[in-house]
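> generate a structure from the sequence data that follows.
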Amino acid sequence: MRGNTFGKAFCIHTFGESHGGAVGVVIDGCPAGISINIDDIQKELDRRKPGQSEITTSRKEQDKIHILAGIEQNITLGTPILMLVYNEDANPKEYQNLAQVFRPSHADYTYFKKYGLKSISGGGRASARETLARVAAGAIAKQILQQTCNIQILAWVSQIWHIKSNVDINKVNPHDIEKNPVRCPDEIAAKCMQEAILHAKNEGNSLGGIITGLVRNVPAGLGEPVFDKLSADLGKAMLSINAVKGFEYGAGFDSVVFKGSELNDEFYTDEQGKIHTKTNHSGGIQGGISNGEPIIFRVAFKPTSTILMPQNTVDMQGKETEIQVKGRHDPCVLPRAVPIVEAMTALVLADHYLRNKLIRL
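The predicted structure follows:
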């Protein structure tokens, strides 16, 4: 009801603020007997954590995961799992000069109108630091999907600003994604992207872009009719991530330039008798249910709202003023958002995989 919970069968509830004591998550609905690699959870958090390169925020957080309940000797108990990360480099004093003003394009004003007050230490619950809880939970969801279905979830930066990558989606692999700080498997484009991000950072400005998601080995039949379609839940998951402005899957908005005869994915049967589609304009989802083909989607991120340039705004009394934000912020959120996109994908798929277990005896 309060918007801090996601999922139905595999359910997560996140808590904590950016400059508070800790950020964490409770997972409810994780089956018992699942073998969990704790190091893999930490690796996912390390991909998201701040201070990992010159194109990210300089805030230094180790983001060490602490598992307090639900897992013993690396095996899930079937009871709620509690995980948290302590904030070690919080500095709420950086925000004292912003206590009475609304930062442009932030949640300051809307949170104030909703709650009658606003957090004076960063964005509070609106801060992207909350997403570390999702990444931790998503790491467990990934391991469930890998062990049960051999599902592989990948995401990468495919565009920054006007710079687009050119990769064969069938050949993308985790190594190529992780070999540069931008997390773009196209080395030439990645170099240009990194230069553009650094230039924006030196200006005190920011850039946006697109993350492409790919899910391989998805079993057919995941997703619920009407309101809980797999595509709808993926869309909600992605649009819940900070700075996301758009989501599309398959041919997406380009579908409007096709005729039906061009867009329809015709079926065929392979030598092993398995049914496939000749094309994948549907992005692996038809009628809101997975069809067994790879799921392909794209997520659009706006430029980071926090920039170091002077901006016009108003204070809490409505008086016009000028602000210049200080502090440590990402000039482009996309490199650190890649594991977040993967995590939210895993949470949706794990939820629907478990819900599907209730459909047929």
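> those helices in the stretch 201-350 of the chain, which residues are they?
Assigned by DSSP state H, counting those that start in this stretch, the stretch 201-350 of the chain shows helices spanning 230-239, 260-263, 334-356.
> would you mark the buried spots in the last one?
Taking 16 or more other CB atoms under 10 Å as the basis for neighbour counts, the residues of helix 334-356 that come out buried are 334-356. C-beta here means a position set from N, CA and C on the backbone, and glycine is covered the same way.
> mean confidence for it?
Across helix 334-356, the average pLDDT comes to 98.
> for it, packing partners?
Applying 3 or more CB pairs under 8 Å, 6 or more residues apart in numbering; DSSP states H and E, one finds that helix 334-356 makes contact with helix 38-48, helix 131-149, strand 152-160, strand 209-216, helix 230-239, strand 295-301.
> CA atoms only: put the shortest one into PDB for me.
Taking Å, rounded to 0.1, in the frame of the first residue of the first chain, the C-alpha atoms of strand 295-301 are listed here in PDB:
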ATOM      1  CA  ILE A 295      13.300 -11.200 -24.100                       C
ATOM      2  CA  ILE A 296      14.700  -8.000 -25.400                       C
ATOM      3  CA  PHE A 297      13.900  -4.500 -24.000                       C
ATOM      4  CA  ARG A 298      15.300  -1.000 -23.700                       C
ATOM      5  CA  VAL A 299      15.200   1.500 -20.800                       C
ATOM      6  CA  ALA A 300      15.600   5.200 -21.300                       C
ATOM      7  CA  PHE A 301      17.400   7.200 -18.500                       C
END
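> show residues contacting that strand.
Applying CB atoms under 8 Å, 6 or more residues apart in numbering, the contact partners of strand 295-301 are 158, 169, 208-215, 218, 234, 238, 241, 243-250, 252, 280, 283-285, 333-334, 337, 341.
> buried subset of these, written for ChimeraX?
Of these, the buried ones go into a single ChimeraX selection, burial set by 16+ other CB under 10 Å:
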select :158,208,209,210,211,212,213,214,215,218,234,238,241,243,244,247,248,249,250,280,283,284,285,333,334,337,341
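> and of the helices and strands packed on helix 334-356, who's closest to Asn4?
Asn4 lies closest to helix 131-149 among the helices and strands packed on helix 334-356, at 9.8 Å (CB to CB).
> so for that closest one, what gets flagged as buried?
Buried, per 16+ other CB under 10 Å, within helix 131-149: 131-146.
> and which of those is nearest Gln311?
Thr131 (24.8 Å).
> from what I see, the closest one and Arg48 are in contact.
Yes. Thr131 is within contact range of Arg48, at 6.9 Å (criterion: CB atoms under 8 Å).
> overlap in contacts of the two?
Ile340.
> residue ranges in this structure under the pLDDT threshold?
Applying pLDDT under 70 to the chain picks out residues 1, 90-95, 120-122.
> now with 90, please.
In the predicted model of the chain, residues 1-2, 17-20, 51, 57-60, 88-100, 115-125, 325-329, 359-361 satisfy pLDDT under 90.
> quick revisit: of all the helices and strands packed on helix 334-356, which lies closest to Asn312?
For Asn312, the closest of these is strand 295-301, at 24.2 Å, according to CB to CB.
> measure stretch 313-320 end to end?
6 Å (CA to CA, to the nearest Å).
> can I assume Lys191 sits in a strand?
No. Applying DSSP: H, G, I helix; E, B strand; the rest coil, one finds Lys191 to be helix, outside a strand.
> which residues touch the residue nearest to it when sequence neighbours are not counted?
Sequence neighbours aside, Asn180 is the residue nearest to Lys191 in space, at 7.7 Å (criterion: CB to CB, 6 or more residues apart in numbering). Counting by CB under 8 Å, 6+ apart, Asn180 makes contact with 187, 190-191, 194.
> now these: which count as buried?
Among the contacts of Asn180, those buried by neighbour count (16+ other CB under 10 Å) are 190, 194.
> show me which of the contacts of Asn180 is closest to Gln96.
Gln96 lies nearest to Gln194 out of these, by CB to CB, at 33.2 Å.
> so where do the strands sit in the stretch 51-200 of the chain?
66-69, 71-72, 75-76, 81-86, 152-160, 163-164 (DSSP state E, counting those that start in this stretch).
> closest one to Gln317 among those strands?
That would be strand 81-86 among the strands of the stretch 51-200 of the chain, by CB to CB, at 36.4 Å.
> give me the residues contacting that closest one.
With contact meaning CB under 8 Å, 6+ apart, strand 81-86 is reached by 16, 21-27, 30, 41, 45, 61, 63-71, 132-133, 136-137, 140.
> let's see 10 Å
Strand 81-86 has contacts (CB atoms under 10 Å, 6 or more residues apart in numbering) with 12-13, 15-16, 20-30, 36, 38, 41, 45, 49, 61-71, 129, 132-133, 135-137, 139-140.
> appreciated, that's everything.
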